[in-house]
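# I need the structure of the sequence given here:
(2 chains)
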Amino acid sequence: MIRNYLKVAMKVLLRHKFFTFISLFGVSLTLVVLLVATAMLDHVFAAQAPDVLGDRTLGVYTLTMSGSDSIMNGFAGYQFLDRFVRPMTKLPYVEAVTFFSMPATGISYMDGKKIESMVKHADGAFWRVMRFDFVEGGPFTVEDDRNARFVAVINEATRDKFFNGPALGKTLEVDGQRFRVVGVVGNVPILRISAYSDIWVPIGTSKTDAYKRELIGDYAGLIVARSRADFPQIKAEVRSRIKEAEALIPDPKTYKKLTGGADTLFEAASRMFLPGDSGTSHPQRLRMILLGLALVFMLLPTVNLVNINLSRILDRSSEIGVRKAFGASSWTLVGQFVVENVVLTLVGGLIGLVLAAAVLSAINASGVIPYAQLSLNVRVFVYGLGIALFFGLFSGVYPAWRMSRLHPVMALRGRSV
Amino acid sequence: MIRHLFKLVWNRKRTNALIILEIFFAFLVLFIVGTLGIFLWDNIHQPLGFSSRDVWTVEVSMHQTNEDYDPNLAPAFLRLLKETQGLAPVESVAGAMVLPYSTSNYTGGSDFNGRQILASFNDVTEDFAKVMGLQIVQGHWFEKADETTPWQPVVINETMARAVFGIENPIGKRFGDPSKDTKNPNPERRVIGVIREFKKGGELSAAGNYVFQLKRLNGSPAGPRINSLERPPRNLVLKVRPGTPVTFEEDLVKRLQAVAPAWSFEVKPMTQMRATAFRFALTPLVIGGIVALFLMLMVGLGLIGVLWQNLLQRTREIGLRRATGASRSDVHQQVLWEQLILTTFGVLLGSVLVVQIPLLDLIGFIRPGIFIGGMLVAMLAIYLLAALCALYPSTLASRVQPAEALRYE
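Alright, predicted model coming up:
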């Protein structure tokens, strides 16, 4: 049966090349936009190298101090992480804890040329949580961090800017500080938010020790759980520790409460973009908003497709009349038409996938997003097919229903719907 | 005639309803594009108020927590200013809390006769106007003497002056109502000068209220103090002599680093910040514009297809008209008018929805006039699109031969 439907579908598509072109154009265009957006989101939120443990990692990213009429938002401060999150290493369900700063621009001059790099301060454990692939040498250690040794790990792009050839053991100067290169890693895209930087140096090498006094600052902490099942326990633990840390608020007259929590990356994003009351995160709401945006974007192409489909049926009224006269039920006809439409959208979907791959590689090549390695992986491919299917059903049902209600006699005479 | 056309449209209401829906969505897309376009065009044509030519910026990171209040910072910053001023390629130098083209903002509301007015603020040192080439239209810019006045001097832009003082002369007037907090009152502020404009966000941003306050790095005179004004600003801006080579950057950083080894410095020509700001603002717009263009192409092709198919269905009707003496251009016109009536319905629906934005003041920073402009542009574009789409199918329809059409089944 389905084979017959497919055959008819292909015949119909080829008969009206103009209509088929318009439909495919609309479907593939919509798919390209949605797929590029999906690929970017996937790149940010999915666990992939270097944070391969992303699936069982929770992060303390932002903290909020709030009072009756003042609110201060920011990344976690080192003091908070050091005093309240570091001791969590001892808990049985925690595998590792690591702290690192948000990358900041560091300036160097080489032979009169300026080089700008992103510099991230990280602790020794960072290299155990993040699995970078080292091209040369290896990471700096917990010892290096504790003793504030001026050592650095750099990425390949930075190596090429500073040195010709291998960099191991050589020194580079950033913001007036000299570091010895102990390792070189492959470039990490900026979308891998926790890992991204050009140069990684020990936290102990910071210019002043002001960071040690910060409750809110520019650090983040990652907590790797033994398994995802431990997430609720860790979240509860972090919440209670944040409550304890309220005693450290430097200005208790203005700020009364400290809020935040251990989040997955997506929860952290929802906390950032949907600043809610009492510092809770709303991942569901963010998911709904993203889904809603995708649906709104699909509205215009869908209406367009429905219109074209309706026109296309008018043309086939005699075929429908014959089938009805020979006893095909309305449901059979609806089924047939929806299958035809889904075939059409899937073809459009495939074209869309190819075009999206081209757009993504163009984005990678343009350098708009530093070190971007956007690609269509299996996950994005499945999302794409899902969107195309949904699109096909969504835009096929109404025209099919209209078609199935044609009166056979009228249809055979070729009268309009 | 019109009534008859409405009847024809009504007869095919179910098919037409979907076309109207499509035009409605297309109108919304065009409205967004049109409004943003006019918003930017309007912004670009408003005066900028400063020049970024030969201006370099230095971002100073002092590596201090927000809570630290270190009395040694201000003198150290003054030493930086002095050191920089002494360098040969530097014409003038000043400190500033917020840089033009930067993403950081410093906004606040103050009460004026009980009415709150929002403004952007910037705390700067004396030579800021000279470095940035600000144009003073009334009163004067900050001078040495202003550092020791018992009240806080402020310089505001013309927009702010109009918003607060109307047509009165603002010079010497009190700026803001007396502090309600009697125990710990803020010092009185007075307007000493008015500048033409200062669009901190750059050419593409909208003009708004702007207030400059003078940094008092030598310490405030007796009386209530604003501690924040005694903290050093986060940036240096310097006007360099034309033709200063890029190599001076390295020299400058080394000098600054020697004066304050614990601090970090990032030097950038302001033209570079300007380029970055433009790229940040325009990239999403260009991408959105391309997507919108493709959407309109899709809508256009879709309309052509639907109209074509519909007219094919009505071959007999058209044949009858031709047989009873209607000319080809009559058929042309009928098709065109029907299409425009459908478009009008879509546009009406869209306008009713869209006009709520300025009416309910949903998006405050865009003036109502710009929304109206965006609506007009969208209307024009959608009517043009609809008429263009009707052209080819109506030509086909008008070619119908009466005799053929009448026996058409």
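# ok, now how distant is the closest residue to chain B within the stretch 301-417 of chain A from A:Ser330?
Relative to chain B, the nearest point of the stretch 301-417 of chain A is A:Ser311 (3.6 Å; C-beta to the nearest C-beta). Where you see a C-beta, it was placed from the backbone N, CA and C, and this is true even at glycine. Applying C-beta to C-beta, to the nearest Å, the value for A:Ser311 to A:Ser330 is 21 Å.
# Which one's more surrounded, those two?
A:Ser311 (23 against 14; other C-beta atoms under 10 Å in any protein chain shown).
# one step back: okay, the residue of the stretch 301-417 of chain A closest to chain B: pLDDT?
As predicted, A:Ser311 sits at a pLDDT of 81.
# out of everything not next to it in sequence, what's closest to it?
For A:Ser311, ignoring the flanking residues on the chain, the nearest one in space by C-beta to C-beta, 6 or more residues apart in numbering or on different chains is B:Gln309 at 3.6 Å.
# mind checking which helix or strand that neighbour is in?
helix B:270-313 (DSSP states H and E).
# picking that back up, please tell me I have it right and the residue nearest to A:Ser311 contacts A:Ile313.
No: with contacts counted by C-beta atoms under 8 Å, B:Gln309 stays clear of A:Ile313, the gap being 9.7 Å.
# now check the helix or strand containing B:Pro393, is it near chain A?
Using DSSP H and E, B:Pro393 sits in helix B:368-398. No: counting by C-beta under 8 Å from any C-beta of the partner chain, chain A has no neighbours in helix B:368-398; the shortest distance is 11.0 Å.
# how many neighbours does B:Arg174 have?
Residues near B:Arg174, counting by other C-beta under 10 Å: 13.
# residues touching it, list them.
Neighbour list for B:Arg174: B:Glu188, B:Arg189, B:Arg190 [criterion: C-beta atoms under 8 Å, 6 or more residues apart in numbering or on different chains].
# so can I have CSV of the residues you listed showing distance to chain A, pLDDT and secondary structure?
Converted to CSV, those look like this (distance: C-beta to the nearest C-beta, whole Å; pLDDT from 0 to 100; DSSP: H, G, I helix; E, B strand; the rest coil):
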residue, distance to chain A, pLDDT, secondary structure
B:Glu188, 23, 85, coil
B:Arg189, 21, 89, strand
B:Arg190, 27, 92, strand
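# Going by distance to B:Ile20, which of those wins?
Closest to B:Ile20 out of the contacts of B:Arg174 is B:Arg189 (56.7 Å), distances taken as C-beta to C-beta.
# which ones are touching the closest one?
B:Trp151, B:Gln152, B:Pro153, B:Val154, B:Arg174, B:Phe175, B:Gly176, B:Gln213.
# helices or strands up against the strand or helix carrying the fourth one?
Taking DSSP H and E as the criterion, B:Val154 maps to strand B:152-157. Packed against strand B:152-157, as judged by 3 or more C-beta pairs under 8 Å, 6 or more residues apart in numbering or on different chains; DSSP states H and E, are the following elements: strand B:189-195, strand B:210-214.
# so how far is the first one from its chain's centroid?
Right, strand B:189-195. Strand B:189-195 sits 26 Å away from the centroid of its parent chain (C-alpha atoms, centre = their mean, to the nearest Å).
# and the angle from it to strand B:152-157?
30 degrees (axes from the mean of the first three to the mean of the last three C-alpha atoms, to 10 degrees).
# quick one, strand B:189-195 and strand B:210-214 angle?
Interaxial angle, strand B:189-195 versus strand B:210-214 (the same axes, to 10 degrees): 120 degrees.
# ok so, going back, mind exporting the strand holding B:Val154 as CSV, just the C-alpha atoms?
Extracted in CSV, the C-alpha atoms of strand B:152-157 (Å, rounded to 0.1, in the frame of the first residue of the first chain):
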residue,chain,number,x,y,z
GLN,B,152,29.0,68.0,42.5
PRO,B,153,29.2,69.5,39.1
VAL,B,154,27.6,67.7,36.2
VAL,B,155,27.5,68.2,32.4
ILE,B,156,24.5,67.0,30.6
ASN,B,157,23.5,66.5,26.9
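# strand partners of that strand, parallel vs antiparallel please.
Within its sheet, strand B:152-157 is paired with strand B:189-195 (parallel), strand B:210-214 (antiparallel), according to DSSP bridges.
# Return the distance of the shortest one from the chain's centre.
Using C-alpha atoms, centre = their mean, we find the averaged C-alpha position of strand B:210-214 to lie 21 Å away from the chain's own average C-alpha position.
# What is the subsequent helix or strand relative to the helix holding B:Gln309?
helix B:315-323.
# Could you measure from the closest residue in space to B:Phe27 that isn't next to it in sequence over to B:Ala88?
Nearest non-adjacent residue to B:Phe27, counting by C-beta to C-beta, 6+ apart: B:Gly350, 3.7 Å away. According to C-beta to C-beta, B:Gly350 stands 62 Å off from B:Ala88.
# and if you look at A:Glu143?
Using C-beta to C-beta, A:Glu143 is found at 47 Å from B:Ala88.
# likewise A:Val52?
For A:Val52 relative to B:Ala88 (C-beta to C-beta), the value is 54 Å.
# Check A:Leu63 too.
47 Å.
# picking up where we left off before, distance to B:Ala76 for the helices and strands packed on strand B:152-157 - can I get that in a markdown table?
Output for the helices and strands packed on strand B:152-157, formatted as a markdown table (distance: least, C-beta to C-beta, whole Å):
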| stretch | distance to B:Ala76 |
| --- | --- |
| strand B:189-195 | 27 |
| strand B:210-214 | 19 |
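# Ramachandran angles for B:Phe50?
phi -150, psi 170 (degrees, to the nearest 10).
# again with the one 10 residues further on
According to degrees, to the nearest 10, the main-chain angles of B:Val60 amount to phi -110, psi 120.
# try A:Gly335
Dihedral angles (degrees, to the nearest 10) for A:Gly335: phi -60, psi -50.
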